[in-house]
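1. Sequence first, predicted coordinates after that:
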Amino acid sequence: MMVEQEPAKNPFRAFAPKPVNTFFDTVDSDETVLLLLRQHPITQVKWVLIAILLIFVPFLLSFVNILGFLPLRFHMVAGIGWYLMIIGFSLESFLSWFFNAYIITDERVIDVDFKSLLFKNVSFAKFEKIEDINFTSSGTLGTIFDYGTVVIQTAAAIDEFEFEDVPFPSQVTAFLNDMLTEVERQNGPRRNS
C-alpha cells in the first residue's frame, strides 16, 4: 500500500507518501517521514472564490461612487490598499493550508496546527500510545473527492488527534493500523493497566 507508492516530490501535495525534502521542527535524526497530509484542496475553494469576488468589489463600487467625497488621488490609494488586503487574506489562507500538516513518521504521529504567522501548536503521540483509529467521510463533496477526518485516540497527554478533511481517509487509517501492528509485533502485545 504506502510502501509501494513513489516518493512525493511536489511540496504542495495534500497526500504525500514518503515526501522528499520534508523537514519539521521536532524531527529526530533517525526519524523518517512516511506520510505528509494536508486538507484536501477542494476544501480550499471557498477562500479562493472569496478572494476572486473581492477583486471585483472596487469595480462594482465605482458605479455607486462611494468614495466620491475623497480627492481623486485617494481613490488610487484606497484601491491599492484594497488589493493589498486581498493579497494578505489570500497569502494567510494559503499559508494556513500549507503549514497545517499532519505527519506520520516511523515513530509517531504529529499534528501541526498553524494558527497564524505568530502562533502554531505541535502535538505528537508515539505509536505505543495510540489506542484506536477511525475515520469519517461525510457529505457529497467528501464522498465524491474521497476526503474525511481521521480520528486517533491515544493514551498520551493529548487524548485525541483529528486529521481533518484529509484525502483518502480509509488508506490513512489502514496505514496507521498497519504501523500499529508492526509496532506491536516489534514490542510485544500491549498490557492494559
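-> Okay, I see it.
2. Can you pull up the most central residue in the protein?
-> Arg38 (3.0 Å; Cα atoms, centre = their mean).
3. got the contact list for that one?
-> Applying Cβ atoms under 8 Å, 6 or more residues apart in numbering to Arg38 gives the contacts 13-14, 97-98, 100-102, 166. For every residue, glycine as well, the C-beta is placed using N, CA and C.
4. again with Phe98
-> Applying Cβ under 8 Å, 6+ apart, the residues contacting Phe98 are 12, 38.
5. Report the buried residues of the helix or strand encompassing it.
-> Counting by DSSP states H and E, the element that carries Phe98 is helix 72-99. Neighbour-count burial for helix 72-99 flags 86, 90, 93, 96-97 (criterion: 16 or more other Cβ atoms under 10 Å).
6. likewise stretch 8-24?
-> 8, 14-19.
7. How far does it stretch from one end to the other?
-> 16 Å (Cα to Cα, to the nearest Å).
8. what's the model's confidence in it, averaged?
-> Averaging pLDDT along stretch 8-24 gives 90.
9. repeat for stretch 181-192
-> pLDDT averaged over stretch 181-192 gives 76.
10. ok, back up a step: farthest-separated two in the buried residues of helix 72-99?
-> Ile86 and Trp97 (16.7 Å; Cβ to Cβ).
11. Run the angle between the lowest-mean-pLDDT helix or strand in the chain and helix 72-99 for me.
-> Across the helices and strands of the chain, mean pLDDT, DSSP states H and E gives its lowest value to helix 57-64, namely a mean of 78. Helix 57-64 and helix 72-99 are oriented at 150 degrees to each other (axes from the mean of the first three to the mean of the last three Cα atoms, to 10 degrees).
12. Check which residues of helix 57-64 are buried.
-> Neighbour-count burial for helix 57-64 [16+ other Cβ under 10 Å]: Pro58.
13. Stretch 163-177 too?
-> Going by neighbour count (16+ other Cβ under 10 Å), the buried part of stretch 163-177 is 163-169, 171-173, 175-176.
14. okay, how far is it across it, tip to tip?
-> 15 Å.
15. where does it sit relative to the chain's centre, distance-wise?
-> 13 Å (Cα atoms, centre = their mean, to the nearest Å).
16. Give me the residues contacting that stretch.
-> Here stretch 163-177 has contacts from 1-2, 14-15, 34-35, 37-40, 43, 102, 104, 109, 111, 130, 133-137, 142, 145-152, using Cβ under 8 Å, 6+ apart.
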